[in-house]
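Participant: compute the structure for the input listed below.
(one chain, ligands or ions: 1)
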Amino acid sequence: MEGPATPSNETERQACVTALGLTSPEVEESFDRITRLLAQVLEVPITAFSLIDGDRQFFKSCTGLNIQETPRQVSFCGHTILQDDILVIEDATQHSGFRDNPLVQEAPHIGFYAGIPVRSPEGHKVGSLCAIDNRARAFTESMKQFIIDLRTLLENELLLRSEAIRDHLTGLYNRRHFDAVLDQEWRRALRLEGHIGLVLADIDYFKSYNDRYGHHQGDACLQRVARALRSQCRRAGDVVFRLGGEEFAILIPDSSEYGTRDLGERAKRAVKELNLPHQGAPLAQVTLSAGAVTAKSAQVPSATPKQFSRKADSLLYEAKARGRDLMVADFLTEE
Ligand SMILES: Nc1nc2c(ncn2[C@@H]2O[C@H](COP(=O)(O)OP(=O)(O)OP(=O)(O)O)[C@@H](O)[C@H]2O)c(=O)[nH]1
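Facilitator: As a prediction, the model looks like this:
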């Protein structure tokens, strides 16, 4: 059995998977409706919307399967995302590339597979919509058209989501999405026994900026700060959010303490280097305060994402209290 190859654009592709915030077990009716319909119309026992996420395929929605993920290495969908068209295997037990696959040899005993790549709004193939039977089947043109139509509905759903999770002023992801992605990346860090970093940053004396320069100019300032923060995220997995008002967050999956601190410092410097005048502030320019926290999940097994973000918040508060234009960094430890 040959595992799926890695797409040439894997870094950008994975960044889209991460940013969608879909790899947490929360059940979502809008996706379940689509996998249910696919199962009913094609009369197959198993259907799934799966995401190819790092070393695994994650079933965001499925019918007829009681597992949430499989290794990417054995996934059929890992192959599906390598092509543009639908991948059809009418009899996996006779297929040279799949007959010795454990998903064919053992449960769920895949006989027939038809999967079509699903694209994120940015156009990256983040996963697939697939129909599976335990026995061999012939694949017809009308089955193909139906999967294509449902894929369109699924991609429209992703598009709607991508608008709902954005902050309209800055184009960054919003607070609601922060909670979802933090939860998702926290779980990933636990699963891989890895690190995770978070920088919370807040513009200093922003009320007086608005008072002095007006709300319109304040909005422009927020947009420029947002761009400066985003420009410092060199790794595709780093995600920037506007949490509200003049508060921002950078979530840094798989980050050492040095990595978190470094990104926080660079973000702070990038804003300072914008040289935005602010006569109401002691340095007469726009600056940031920041709290940066890193956690090694294995060392804090009972901690929660909420405690993690609260820690960053308290470090930010300390930076403000110590005079602003400052970043305070620390590890998360057990409470
Ligand atoms: N222009 C603009 N201002 C906003 C927006 N959202 C929040 N604000 C303003 O941001 C300001 C935040 O003020 P504070 O929370 O007092 O914070 P600060 O003045 O930056 O003080 P420190 O954070 O302690 O340095 C308030 O005046 C809000 O009205 C927005 O979308 N656009």
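Participant: could you use CA atoms for every contact and neighbour count after this?
Facilitator: Will do.
Participant: chain neighbours aside, what residue packs nearest to whatever residue of the stretch 51-200 of the chain ends up closest to the ligand?
Facilitator: Of all residues in the stretch 51-200 of the chain, residue 169 sits closest to the ligand, at 7.1 Å by C-alpha to the nearest ligand atom. Excluding the flanking residues, the one nearest residue 169 by C-alpha to C-alpha, 6 or more residues apart in numbering is residue 223, at 6.9 Å.
Participant: how many other residues sit next to that neighbour?
Facilitator: Using other C-alpha atoms under 10 Å, residue 223 has 16 neighbouring residues.
Participant: with the one 5 residues further on instead?
Facilitator: Counted with other C-alpha under 10 Å, residues neighbouring residue 228 total 20.
Participant: residue 4 too?
Facilitator: By other C-alpha under 10 Å, the residues close to residue 4 number 17.
Participant: show the contacting residues for the residue in the stretch 1-150 of the chain that the ligand sits nearest to.
Facilitator: Relative to the ligand, the nearest point of the stretch 1-150 of the chain is residue 19 (22.7 Å; C-alpha to the nearest ligand atom). Listed by C-alpha atoms under 8 Å, 6 or more residues apart in numbering, the contact partners of residue 19 are 181, 239.
Participant: so where does it fall, helix or strand?
Facilitator: helix 10-20 (DSSP states H and E).
Participant: next up, the contacts around residue 291.
Facilitator: Per C-alpha under 8 Å, 6+ apart, neighbours of residue 291: 199-201, 312-319, 327-329.
Participant: name the helices or strands packed onto the helix or strand residue 311 falls within?
Facilitator: Under the criterion of DSSP H and E, residue 311 resides in helix 305-321. When contacts are defined as 3 or more C-alpha pairs under 8 Å, 6 or more residues apart in numbering; DSSP states H and E, helix 305-321 packs onto helix 175-192, strand 195-203, strand 288-296, strand 327-331.
Participant: CA atoms only for it - export them in PDB, please.
Facilitator: C-alpha atoms of helix 305-321 as PDB (Å, rounded to 0.1, in the frame of the first residue of the first chain):
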ATOM      1  CA  PRO A 305      -7.600  26.800  26.800                       C
ATOM      2  CA  LYS A 306      -9.400  29.400  29.000                       C
ATOM      3  CA  GLN A 307      -6.700  29.300  31.600                       C
ATOM      4  CA  PHE A 308      -4.100  29.600  28.800                       C
ATOM      5  CA  SER A 309      -5.700  32.800  27.400                       C
ATOM      6  CA  ARG A 310      -6.400  34.100  30.900                       C
ATOM      7  CA  LYS A 311      -2.600  33.800  31.600                       C
ATOM      8  CA  ALA A 312      -1.800  35.800  28.500                       C
ATOM      9  CA  ASP A 313      -4.400  38.400  29.600                       C
ATOM     10  CA  SER A 314      -2.800  38.700  33.000                       C
ATOM     11  CA  LEU A 315       0.700  39.200  31.400                       C
ATOM     12  CA  LEU A 316      -0.700  41.900  29.100                       C
ATOM     13  CA  TYR A 317      -2.300  43.600  32.200                       C
ATOM     14  CA  GLU A 318       1.200  43.500  33.800                       C
ATOM     15  CA  ALA A 319       2.800  45.000  30.700                       C
ATOM     16  CA  LYS A 320       0.200  47.800  30.900                       C
ATOM     17  CA  ALA A 321       0.700  48.300  34.600                       C
END
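Participant: contacting residues around it?
Facilitator: With contact meaning C-alpha under 8 Å, 6+ apart, helix 305-321 is reached by 182-183, 186, 198-202, 289-293, 295, 325-330, 332.
Participant: try it again with 6 Å
Facilitator: Helix 305-321 is contacted from outside by 289-293, 326-328, using C-alpha atoms under 6 Å, 6 or more residues apart in numbering.
Participant: low pLDDT regions in the protein?
Facilitator: Along the chain, the model assigns pLDDT under 70 to residues 335.
Participant: residues from it in reach of the ligand?
Facilitator: Contact residues, the chain versus the ligand (C-alpha under 6 Å from any ligand atom): 203-208, 210, 215-216, 218-219, 245-246.
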